[in-house]
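**Q** What follows is a predicted protein model with its sequence.
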Amino acid sequence: MRRSLLLGIFCVAIYACFGALADSSSAGTIIKLDLGNDSAQDVFFDGATLDTIDDGIFATTGDQQTSAEFLDVLDSEPAINTPPGSFTLAGLLPSGAPTVLGGVLVIQEFTDGTFDLYGPAIGGNTLLLSGKLAKSTLVGPHGPPATGALFTATFGMFTGGTLASKLDPNSLSLSMSLTDINSGGGLMVGGPAAPLLYPFHADVTLNIAGVPEPTSAILALMAVVVLAAAARRGRGY
């Protein structure tokens with residue numbers, strides 16, 4: 001009877017362990033931000049760094065006011081709509097010269113960069129999540145249509161905020177859709193010597209992705225080990 005009970009508990013623990021490991025390994029979008037839900041431009045590349053534009057609203061800590069929808073491991077968090085939260089993206093540095101494929105498609109690598117997402121000012125501008133990016137790639141047409149996309153090519157790190165404890169710190173990825181680049185002019189590349197990506201501004205929507213923190217999987221694995229040892233002692237090994 002005791003052996004059957006231990007075997008049943010052992011199987012349940014293994015199931016929980018593999019379930020937790022599966023959950024922790026499946027990346028998904030955890031936050032959707034709509035910085036572009038206004039008439040003003042959201043991001044600016046000045047030839048040296050790509051950053052969000054300060055909207056001049058001093059009540060909010062971040063550069064850009066934004067709504068926020070929480071998904072996946074963060075789906076229990078209430079959405080931020082009215083009043084809005086705020087968001088800052090800063091310090092993305094171009095890495096090398098841009099490539100123009102076939103004269104029509106611009107590809108520019110970036111490195112570094114950070115982001116900070118804050119709750120509404122009415123709640124004290126609480127830092128919800130911050131992160132450090134690694135390598136990113138910007139892709140878009142050379143000239144019109146004035147659309148493009150930036151996505152992280154290497155996992156970054158979640159570095160702080162009230163939501164950080166729910167996430168694997170090394171699972172950050174970010175993607176950004178750009179519209180109305182240069183008020184319709186699109187991305188441009190030129191220069192007298194090595195090609196350069198010219199400055200631009202754009203409206204954006206942005207997704208942040210990550211996976212759950214691995215604590216639940218570790219605890220389940222520890223439970224398996226403890227129960228296995230108890231089962232062995234019960235059999236007199």
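**A** The structure has been received and is ready for your questions. What you see is a predicted model; the values in this text were computed from it and never measured.

**Q** Not counting sequence-adjacent ones, nearest residue to the spatially most central residue of the chain?
**A** The C-alpha lying nearest the average C-alpha coordinate of the chain belongs to I208 (CA atoms, centre = their mean; 2.7 Å). Once flanking residues are discounted, I208 sits nearest to I31: 4.3 Å by CB to CB, 6 or more residues apart in numbering. Heads up, the C-betas are built off the backbone N, CA and C, glycines and all.

**Q** Adjacent strands (with direction) for the helix or strand hosting the one you found?
**A** Counting by DSSP states H and E, the secondary-structure element that holds I31 is strand 28-33. Sheet pairing for strand 28-33, assigned by DSSP bridges, gives strand 64-70 (antiparallel), strand 200-210 (antiparallel).

**Q** after the first one comes which helix or strand?
**A** In other words, strand 64-70. Remark: after strand 64-70, the chain's next helix or strand is strand 80-90, criterion DSSP H and E.

**Q** can you pull the buried residues of that next one?
**A** Burial within strand 80-90, assessed by neighbour count using 16 or more other CB atoms under 10 Å, is assigned to 80, 84-89.

**Q** Output the residues you listed in JSON lines, with distance to K135 and pLDDT appended to each entry.
**A** JSON lines is the format used below for the buried residues of strand 80-90 (distance: CB to CB, whole Å; pLDDT from 0 to 100):
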{"residue": "I80", "distance to K135": "29", "pLDDT": "97"}
{"residue": "P84", "distance to K135": "30", "pLDDT": "95"}
{"residue": "G85", "distance to K135": "27", "pLDDT": "96"}
{"residue": "S86", "distance to K135": "26", "pLDDT": "97"}
{"residue": "F87", "distance to K135": "21", "pLDDT": "98"}
{"residue": "T88", "distance to K135": "20", "pLDDT": "98"}
{"residue": "L89", "distance to K135": "15", "pLDDT": "98"}
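
**Q** and A146, how many neighbours?
**A** If you count neighbours by other CB atoms under 10 Å, A146 ends up with 20.

**Q** mind listing what it touches?
**A** When contacts are counted by CB atoms under 8 Å, 6 or more residues apart in numbering, A146 is found next to 179-186, 202.

**Q** Now it: phi and psi?
**A** Backbone torsions of A146, given as degrees, to the nearest 10, read phi -90, psi 60.

**Q** before we move on, the earlier item: the strands paired with strand 28-33 into TSV, with extra columns for mean pLDDT and distance to I53?
**A** Listed next are those as TSV, based on pLDDT from 0 to 100; distance: least, CB to CB, whole Å:
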stretch	mean pLDDT	distance to I53
strand 64-70	97	7
strand 200-210	97	7
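
**Q** closest to T126 out of these?
**A** Evaluated with CB to CB, the strands paired with strand 28-33 place strand 64-70 nearest to T126, the distance being 12.2 Å.

**Q** Name the residues that touch that closest one?
**A** If you take CB under 8 Å, 6+ apart as the criterion, strand 64-70 is touched by 30-35, 37-38, 42, 52-53, 55, 57, 76-81, 84-88, 117, 128.

**Q** Hey, what's the angle from that strand to strand 80-90? Just curious.
**A** Going by axes from the mean of the first three to the mean of the last three CA atoms, to 10 degrees, strand 64-70 is angled at 120 degrees with respect to strand 80-90.
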